[in-house]
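Undergrad: here are the coordinates; sequence isn't available:
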């Protein structure tokens, strides 16, 4: 079955530091890949997505590239801000058939200090 | 456009009771899915409804059930509550057409079972 493995947290960085959160996946076929973010007390918000190999998703300075050869979708940001403090989830979803459930990683808590 | 609305925001129940949670999707969205979020297990898929039919189901006992109405609003029910059912229950809606489309999440219902 499908599975997502992302780096364990928590991750603590200073403002303007470089961020990488690793994510690898196991799936049949060609899934779509997502990064979701959860701020305290809120639901999940889509941060970015990629739907095929070599696609790069980007939003708010965050980027992730769909690497089929390494089954990875690592999240990066060049300069983090205090407002980026949140929990980040890597997820995948089958693109074909009718089973569209999202399979999530365990989440990575990011804390950015001023 | 209104977002995904979940009610109630918080619930406290005792073991053995049953509970019903409600989710109103974004207007025009026909797919509603439910996820359970706990610190230990992370985010786990419960079920998905599309046009009043359950399209997919996760690995949860039969105590967990749901339904979707003709206006796409959805409810999930948990009977004979157990302590381990304490969790944040998240609802997500989407148009329902493909696996690559964006899911919109509500803020969740925090269920505490005493």
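TA: Great, that's in hand. From a predicted model like this one, the values you see are computed outputs, not experimental measurements.

Undergrad: Could you give me the buried positions within stretch A:3-14?
TA: A:4, A:6, A:7, A:11, A:13 (16 or more other CB atoms under 10 Å in any protein chain shown). Any C-beta I mention is one placed from the backbone N, CA and C, and that applies to glycine too.

Undergrad: From what I see, the second one and residue A:90 are in contact.
TA: So that's residue A:6. Yes. Using CB atoms under 8 Å, residue A:6 makes contact with residue A:90 at a distance of 4.6 Å.

Undergrad: Name the residues contacting each of the two.
TA: Here residue A:6 and residue A:90 have A:21, A:23, A:105 as joint contacts, going by CB atoms under 8 Å, 6 or more residues apart in numbering or on different chains.

Undergrad: Any idea what the second one is bridged to?
TA: Here residue A:23 sits in beta bridges with residue A:6, as judged by DSSP bridges.

Undergrad: Now for it: which residues touch it?
TA: The contact partners of residue A:23, taken as CB under 8 Å, 6+ apart, are A:4, A:5, A:6, A:7, A:35, A:64, A:72, A:73, A:74, A:75, A:90, A:105.

Undergrad: How are the strands of chain B distributed by residue range?
TA: B:5-7, B:10-13, B:19-24, B:31-38, B:42-50, B:53-57, B:64-68, B:74-78, B:87-94, B:104-105, B:109-113 (DSSP state E).

Undergrad: The ones you listed: lowest mean pLDDT?
TA: The minimum mean pLDDT among the strands of chain B belongs to strand B:53-57 (a mean of 90).

Undergrad: Strand partners (parallel or antiparallel) of that one?
TA: Strand B:53-57 has these strand partners (DSSP bridges): strand B:42-50 (antiparallel).

Undergrad: what comes up buried for the partner strand?
TA: For strand B:42-50, by 16+ other CB under 10 Å, it's B:43, B:44, B:45, B:46, B:47, B:48, B:49, B:50.
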